[in-house]
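Novice: Here is a sequence with its predicted model. Questions after.
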Amino acid sequence: MATRYSAREMLARLVAFPTVSSSSNLDLIAFVEDYLAGHGIASRRVLDETGQKASLHAVVGPAVDGGTVLSAHTDVVPVEGQAWSRDPFALWEDGGRLYGRGACDMKGFAAVALAAVPDMVAAGLKRPVHIALSYDEEVGCLGAPPMIDAMLADGPRPEMVVVGEPSMMQVITAHKGTALIKVTATGHSVHSSQWDRGVSAVAAAARVITWLDDQTRANQAAADPALDMDPPFTTLHCGLVEGGTAANIVSRSCSFMTDIRTVPGENLEMWLERLDDFLTRDIVPAMKAVHPDAGIAVERLADVPPLSQESDGPAERLVRRLTGDNGVHMVVYGTEAGQFQARGLSTVVCGPGSIDQAHQPDEFIDIAQLAAGEDFVARLIGDLAR
């Protein structure tokens, strides 16, 4: 049976699924599958390796190359430890705002796109709308790459992509890349009174952390003030350190996590190469001279490419025309947009709501922003029907 929802009703349905990244999103995916099937739209799941999470993609309209992808992630961040005034998984309204976990980031855009499916079907589209819903964006944009690969393998090939992260419906044409690495130093443990016979993993890790901080400060000094990002340089930030056993024991193990946010034109590979040069030259030889088992391992946990500004890109042209926004907007947070762009698809970020609400207690989206998202999708349908 073909069920029709308003964007608000669809948002309430989506928020009610507690799709925290640590949990399965399959109930939400099954709901969307059934909803699309009710309107005659076939969809495809792309499961993760556990079978407990899935992305979903579907083509609404003719199976021809071209058209536009409307992309959103289905996962949300946890609510534990946050002071919510009401149930975060039951949408509520107050003062012109709709509250709930994911209402802004980014089930609002998904709700707008899905609620418009009946209009897409009735419009007689000449070029299709591709709906793409991913998993695990919040923990490293893990679900989008296999979904994109499946979309391109299945066909038809879209021309452009709109990733609906909250941007107040401004057209975001560039953002930083985001990478996460884990560095583990292995030393040789002895009593601290025999310091010269041991290798301190904590001391070695500290030297690497200092090097990362020095690189960030050098990037700051050399930053291009014309780059419309804040800050306009790559940052290499150590946010977590664990290591050591006791104050009087030379530590055998120490690990830390580093978040690297690269400006367009840079990538994780270049920074890993520089880090490897530093370790090989200045750190590891001295460690192994004391004990052969000592050393440092670098593990890549996540690598999300930046979104680079395109020269006269079709996605930017279209979305500027539909929204009327001609400003230059670049952001420092990461999205799945760079993953679409890396596969040759013209891509921008544009969606309802403010990024200031993302991950916050009592997360909300203004009703006016949800309406602005509806207007955008309606104009897109009209464009694709011509």
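Specialist: Nice, I can see it. Residues are numbered from 1 along each chain as shown.
Novice: residue contacts, residue 188?
Specialist: 197, 198, 199, 250, 252, 290, 291, 293, 294 (Cβ atoms under 8 Å, 6 or more residues apart in numbering). C-beta: built from backbone N, CA, C; applies to glycine.
Novice: Same list, these, but as CSV with distance to residue 172 and neighbour count please.
Specialist: Output for those, formatted as CSV (distance: Cβ to Cβ, whole Å; neighbours: other Cβ atoms under 10 Å):
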residue, distance to residue 172, neighbour count
197, 55, 12
198, 50, 21
199, 47, 25
250, 49, 24
252, 46, 21
290, 50, 15
291, 50, 16
293, 48, 11
294, 45, 22
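Novice: ok, of these, which one's closest to residue 8?
Specialist: residue 252 (56.5 Å; Cβ to Cβ).
Novice: Nearest spatial neighbour of the closest one, chain-adjacent residues omitted?
Specialist: residue 189 (3.8 Å; Cβ to Cβ, 6 or more residues apart in numbering).
Novice: Just the pLDDT at the one you found, thanks.
Specialist: Among the per-residue scores, residue 189 shows a pLDDT of 98.
Novice: quick one, what contacts it?
Specialist: Contacts of residue 189 (Cβ under 8 Å, 6+ apart): 198, 245, 249, 250, 251, 252.
Novice: Okay, it and residue 371: tell me how far apart.
Specialist: Distance, residue 189 to residue 371, using Cβ to Cβ, to the nearest Å: 62 Å.
Novice: isn't residue 319 right up against residue 350?
Specialist: Yes: using Cβ atoms under 8 Å, residue 319 makes contact with residue 350 at a distance of 5.2 Å.
Novice: These two: which is more packed in?
Specialist: residue 350 (28 against 25; other Cβ atoms under 10 Å).
Novice: Could you check how far the more buried one is from residue 196?
Specialist: Computed as Cβ to Cβ, the residue 350 to residue 196 distance reads 60 Å.
Novice: same deal with residue 319?
Specialist: 63 Å.
Novice: what do you get for residue 274?
Specialist: 31 Å.
Novice: and what of residue 322?
Specialist: Counting by Cβ to Cβ, the gap from residue 322 to residue 196 is 69 Å.
Novice: Who has more neighbours out of the two?
Specialist: Between residue 322 and residue 196, counting by other Cβ under 10 Å, residue 322 is the more crowded of the two (21 against 8).
Novice: Do you know the pLDDT at the more buried one?
Specialist: Listed pLDDT for residue 322 reads 98.
Novice: Assumed it was part of a strand.
Specialist: No: secondary structure of residue 322 (DSSP: H, G, I helix; E, B strand; the rest coil): helix, not part of a strand.
Novice: any chance you could map the helices in the stretch 201-350 of the chain?
Specialist: Listed in chain order, the helices of the stretch 201-350 of the chain (DSSP state H, counting those that start in this stretch) span 201-221, 268-278, 284-290, 314-323, 337-342.
Novice: Return the set of buried residues in the first one.
Specialist: Burial within helix 201-221, assessed by neighbour count using 16 or more other Cβ atoms under 10 Å, is assigned to 201-209, 211-212, 215-216, 219.
Novice: could I get those as a markdown table with distance to residue 240 and pLDDT?
Specialist: Formatted as a markdown table, these follow (distance: Cβ to Cβ, whole Å; pLDDT from 0 to 100):
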| residue | distance to residue 240 | pLDDT |
| --- | --- | --- |
| 201 | 15 | 98 |
| 202 | 14 | 98 |
| 203 | 18 | 98 |
| 204 | 17 | 98 |
| 205 | 11 | 98 |
| 206 | 14 | 98 |
| 207 | 17 | 98 |
| 208 | 14 | 98 |
| 209 | 11 | 98 |
| 211 | 17 | 98 |
| 212 | 13 | 98 |
| 215 | 18 | 98 |
| 216 | 17 | 98 |
| 219 | 21 | 98 |
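Novice: Quick one: these as JSON lines, columns for distance to residue 99 too.
Specialist: JSON lines is the format used below for the buried residues of helix 201-221 (distance: Cβ to Cβ, whole Å):
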{"residue": "201", "distance to residue 99": "46"}
{"residue": "202", "distance to residue 99": "45"}
{"residue": "203", "distance to residue 99": "48"}
{"residue": "204", "distance to residue 99": "47"}
{"residue": "205", "distance to residue 99": "42"}
{"residue": "206", "distance to residue 99": "44"}
{"residue": "207", "distance to residue 99": "47"}
{"residue": "208", "distance to residue 99": "43"}
{"residue": "209", "distance to residue 99": "39"}
{"residue": "211", "distance to residue 99": "44"}
{"residue": "212", "distance to residue 99": "39"}
{"residue": "215", "distance to residue 99": "41"}
{"residue": "216", "distance to residue 99": "37"}
{"residue": "219", "distance to residue 99": "39"}
